[in-house]
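Here's my sequence, what's the structure:
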Amino acid sequence: MRIGVYPGSFDPVHKGHIAIVRHLLKKKYVDQVLIVPTGNYWYKQDLPPVEERIRLLEIFANEKIRIEKELNELPYTYQLMQALQQRHPEEELSLIMGADTLVRFDQWKEYQDLLQYEFLVIPREGTDPLPYLQALPQEKYQIIEGLPLIKASSTYIREHLDDYEAIKEMIDIRVWRKYRKLRKK
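Numbers count the residues shown, from 1 in each chain. Predicted coordinates for the structure are as follows:
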C-alpha cells in the first residue's frame, strides 16, 4: 500500500488542503493519506494546541484519510518519516509537500535522509518548483497535476475569522465554527 504523508500546521485546515488529499486519492497517487498536524515549528509559533487541530481534521477522516495523533510533536520531518517507516515497514511512504516549501528544502534538518522517499509536489501559485527540484533525484518526485483550483490561505482565514462571507469559499463551515471558538478562547 502507498501512504501519502501530509505534514503541516493546518491552522486551520481549509478546503484547499482537503482538495489536495481527495485528488491524490481519486487519481490513485496513493492508497491512503495520513495527515500529520505538527507542533510549533521553529519558524511558526503560537499555533493552537495540536489536539484542537486534530479535532478539526477529524471532520474529514475516513478509511482512506487518517489523522496522526501520536507523532505530532517530532520537531523534524526526517524523524516523522523514520517513525512512520518503522510503524509501517511494508508500506511505501510518499511525502506530500507544497512547491513553496521546496524553496528551503536544502536547509531542512537531515534533508538527505528524506531523499529515500517519493515526493508528491503540490504546485503553488507564484512558485515555480522546477529550480528547487534539482535537490531531489528525478525518479523520486511527481508534480501533481489537475488539482482543482481552490484559492485558500490559512493566514487570510485567520485574519477574516469574524467574517464568514469573506472566507466561505475557503473553509468548511463545520471547521469555521469550531475554529472560531478555539481562537476566541
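
Now the lowest-mean-pLDDT helix or strand in the chain: buried residues?
In the chain, no helix or strand scores lower on mean pLDDT, DSSP states H and E than strand 141-143, which sits at a mean of 86. Neighbour counts over strand 141-143 (16 or more other CB atoms under 10 Å) mark Tyr141 as buried. (Glycine included, C-beta is placed from N, CA and C.)

and that strand, what other elements does it pack with?
Applying 3 or more CB pairs under 8 Å, 6 or more residues apart in numbering; DSSP states H and E, one finds that strand 141-143 contacts strand 118-122.

What segments of the protein are helices?
Using DSSP state H, the helices found in the chain span residues 15-26, 50-57, 77-87, 154-159, 164-167, 173-184.

re the thing from before, figure out how far the least confident helix or strand of the chain is from the centre of its chain.
On the basis of CA atoms, centre = their mean, to the nearest Å, strand 141-143 sits 15 Å off its chain's mean C-alpha point.

and if you look at stretch 23-37?
Chain-centre distance of stretch 23-37: 11 Å, with CA atoms, centre = their mean.

just for the protein, where's the confidence low?
Counting by pLDDT under 70, the chain has low-confidence residues at 40-45, 127, 135, 137, 185.

Repeat the analysis, applying 90 as the threshold.
Counting by pLDDT under 90, the ranges of the chain that qualify are 39-49, 75, 98-108, 123-153, 181-185.

Please identify which of the helices of the chain is closest to Gly39.
helix 50-57 (5.6 Å; CB to CB).

CA atoms only: put that closest one into PDB for me.
The C-alpha trace of helix 50-57 is given here as PDB (Å, rounded to 0.1, in the frame of the first residue of the first chain):
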ATOM      1  CA  VAL A  50      -2.200  20.200  18.200                       C
ATOM      2  CA  GLU A  51      -5.100  18.300  19.900                       C
ATOM      3  CA  GLU A  52      -7.500  21.000  18.800                       C
ATOM      4  CA  ARG A  53      -6.200  20.900  15.200                       C
ATOM      5  CA  ILE A  54      -6.500  17.100  15.200                       C
ATOM      6  CA  ARG A  55     -10.200  17.500  16.200                       C
ATOM      7  CA  LEU A  56     -10.800  19.800  13.300                       C
ATOM      8  CA  LEU A  57      -9.100  17.400  10.900                       C
END
